[in-house]
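Novice: sequence below, structure please.
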Amino acid sequence: MAAMTSSARPFLNRRLAEFGTTIFAEMSALAMSTGSINLGQGFPDTDGPEQVREAAVRALRDGRGNQYPPGPGVPELRTAVAEHQRRRYGLECDPDTEVLVTAGATEAIAATLLALLEPGDEVIALEPYYDSYAACIAMAGGVRVPVTLRPHHDGGASFRLDLDELRDAVTDRTRLLLINTPHNPTGTVLTREELAAIAELAVERDLLVVTDEVYEHLVFDDAEHVPLATFPGMRERTVTISSAGKTFSFTGWKVGWVTAAPGLVTAVRSAKQFLTYVSSGPFQYAVAEALALPETYFEAFRADLRAKRDLLATGLTEAGFAVFRPAGTYFITTDIRPLGDSDGLAFCRALPERAGVVAIPNTVFYDHRESGAPFVRFAFCKRTEVLEEAVRRLKSLAG
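Specialist: Now for the predicted structure:
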């Protein structure tokens, strides 16, 4: 038997002590053990475009990327990212100094926060937030300050940002704002007016801004994705993050990127090189080709997801949930109180046995757990027949 350490100190450092197994691992395991339909974790159940997959195969066979790619990313992908930003948003980026390829958006967020934060710096994040935000802020020694998106029912159910609350959260210790739009898990897409107010605040208080825009192509109806970097005074203070996984349905490739002014990219690269160093060599060439796909691909992609959103939203409403119809992402947030429940975590743990479906409790995305307690998130990035079966099962909740 191995000897016990004489130290009583825990193995996990105190910055990460609050972070255990993610809710996604727990719920995915529950889906497997119960044979439930997994509408919890946000990954598609089909692959993306065949021509993009074949581009990866071609790169492998041609020996491109099988060894270490360049630290900043292969030139073809950096050029494609820069062209994407110019073509869609009018943002001019130098592919050599203002684009950095990362191991997905998650590494981009981690490297950015590790690079830009000193211990004690405050980071304002929109709550509820992607769980890695909290962990990355903690690893960097920062202090997270949540500003809560709150449910509104005027003109349709949605979650909105209170700009006065955001302004009041800024202190002399605030280093940066961490903004996610389109927003996971609520599906909110910040409006031009909201983004303009955020930009004005950042310039006024001389704040850095990190924007997670991985769902930039997943916007519906009248919603419009507008990068914060396009607003006056923001180009030089904004780190924009995106990735290929959500847009092209190859989440396992883990290809993301950062665009920012040269000094910011240099700082992020300094941290990134000691994380993965490099990654996803052959896939970088494939993503470069994916970014150049015609607009018809993006239009068809949005139309397919919009139809799936409507299918699941209608089914959830008929099952008795109060539904917040998302303007973006591929997640629907629901309120379980009309079903007679108010504890989303307990509800989700029981749902596989009750209805054969797995969802995610939004409370895990909140510091203010009580604010998220009655909300539950479902993913609709699944095949239509899977969503139809999930809807059929969920209707049993309506009695």
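Novice: so where does the spatially closest residue to R144 that is not a sequence neighbour fall, helix or strand?
Specialist: Among residues not flanking R144 along the chain, I137 sits closest, at 4.7 Å (CB to CB, 6 or more residues apart in numbering). Yep, even glycine has a C-beta here, placed from its N, CA and C like the rest. Using DSSP states H and E, I137 falls within helix 131-139.
Novice: ok, and what's touching that helix?
Specialist: 15-16, 18-19, 22-23, 106, 109-110, 113-114, 117, 123, 125, 143-144, 178, 364-365, 367 (CB atoms under 8 Å, 6 or more residues apart in numbering).
Novice: okay, and which of those residues map to helices?
Specialist: In helices, judged by DSSP state H, the following of the contacts of helix 131-139 are found: 23, 106, 109-110, 113-114.
Novice: ok, of those, which one's closest to F331?
Specialist: Nearest to F331, judged by CB to CB, of the ones in helices among the contacts of helix 131-139 is I23 at 13.7 Å.
Novice: tell me the contacts of the nearest residue to the closest one once chain neighbours are set aside?
Specialist: Leaving out its chain neighbours, the residue that sits closest to I23 by CB to CB, 6+ apart is V364, at 4.6 Å. With contacts defined as CB under 8 Å, 6+ apart, V364 is in contact with 23, 131, 345, 372.
Novice: isn't the first one right next to N362, touching?
Specialist: No. Counting by CB atoms under 8 Å, no contact exists between I23 and N362, whose distance comes to 9.9 Å.
Novice: so between those two, which is more surrounded?
Specialist: When I23 and N362 are compared for neighbours, N362 comes out ahead with 26 against 19, by other CB atoms under 10 Å.
Novice: what does the closest residue to the more buried one other than its chain neighbours show for phi and psi?
Specialist: Once flanking residues are discounted, N362 sits nearest to F375: 3.8 Å by CB to CB, 6+ apart. Main-chain dihedrals, F375, degrees, to the nearest 10: phi -110, psi 140.
Novice: repeat for the one 3 residues further on
Specialist: Recorded main-chain torsions at F378 are phi -120, psi 140, according to degrees, to the nearest 10.
Novice: okay, the residue nearest to it when sequence neighbours are not counted: pLDDT?
Specialist: Nearest residue to F378, sequence neighbours excluded (CB to CB, 6+ apart): L39, at 4.5 Å. Here, the pLDDT recorded for L39 equals 96.
Novice: who touches the strand or helix carrying L345?
Specialist: Assigned by DSSP H and E, L345 belongs to helix 344-355. For helix 344-355, contacts defined as CB under 8 Å, 6+ apart pick out 27, 30-31, 34, 36, 40, 336, 339, 341, 357-364, 372-376, 393-394, 396-397.
Novice: tell me which stretches of the stretch 51-200 of the chain form helices.
Specialist: Taking DSSP state H, counting those that start in this stretch, the helices of the stretch 51-200 of the chain run over residues 75-89, 104-116, 131-139, 163-169, 192-205.
Novice: tell me which other helices or strands the first one touches.
Specialist: Looking back up the chat, that one is helix 75-89. For helix 75-89, the packing partners by 3 or more CB pairs under 8 Å, 6 or more residues apart in numbering; DSSP states H and E come out as strand 99-102, strand 256-259, helix 281-291.
Novice: let's see 10 Å
Specialist: For helix 75-89, the packing partners by 3 or more CB pairs under 10 Å, 6 or more residues apart in numbering; DSSP states H and E come out as strand 99-102, strand 238-243, strand 256-259, helix 281-291, helix 295-319.
Novice: please apply the same query to the shortest one.
Specialist: Helix 163-169 makes packing contacts with strand 122-127, strand 143-148, strand 174-180, helix 192-205 when contacts are defined by 3+ CB pairs under 10 Å, 6+ apart.
Novice: can you tell which of these is closest to R78?
Specialist: Across those, closest to R78 is strand 174-180 (CB to CB), at 23.6 Å.
Novice: using CSV, write out every CA atom in the closest one.
Specialist: Below are the C-alpha coordinates for strand 174-180, written out as CSV (Å, rounded to 0.1, in the frame of the first residue of the first chain):
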residue,chain,number,x,y,z
THR,A,174,-11.8,46.2,-13.0
ARG,A,175,-9.4,45.0,-15.7
LEU,A,176,-11.7,43.7,-18.4
LEU,A,177,-15.2,42.8,-19.5
LEU,A,178,-15.9,39.3,-20.7
ILE,A,179,-18.8,39.5,-23.2
ASN,A,180,-20.5,36.5,-24.9
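Novice: roughly how far is that strand from the heart of the chain?
Specialist: 15 Å (CA atoms, centre = their mean, to the nearest Å).
Novice: what are the pairing partners of it, and which direction each?
Specialist: strand 122-127 (parallel), strand 208-212 (parallel) (DSSP bridges).
Novice: about what we covered before: let me have the helices of the stretch 51-200 of the chain in a markdown table, extended by distance to L60.
Specialist: Converted to a markdown table, the helices of the stretch 51-200 of the chain look like this (distance: least, CB to CB, whole Å):
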| stretch | distance to L60 |
| --- | --- |
| helix 75-89 | 15 |
| helix 104-116 | 19 |
| helix 131-139 | 29 |
| helix 163-169 | 46 |
| helix 192-205 | 40 |
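Novice: what's around the nearest residue to S249 once chain neighbours are set aside, how many residues?
Specialist: Leaving aside its chain neighbours, S249 sits nearest to G48 (3.6 Å; criterion: CB to CB, 6+ apart). Neighbour count for G48, taken as other CB under 10 Å: 21.
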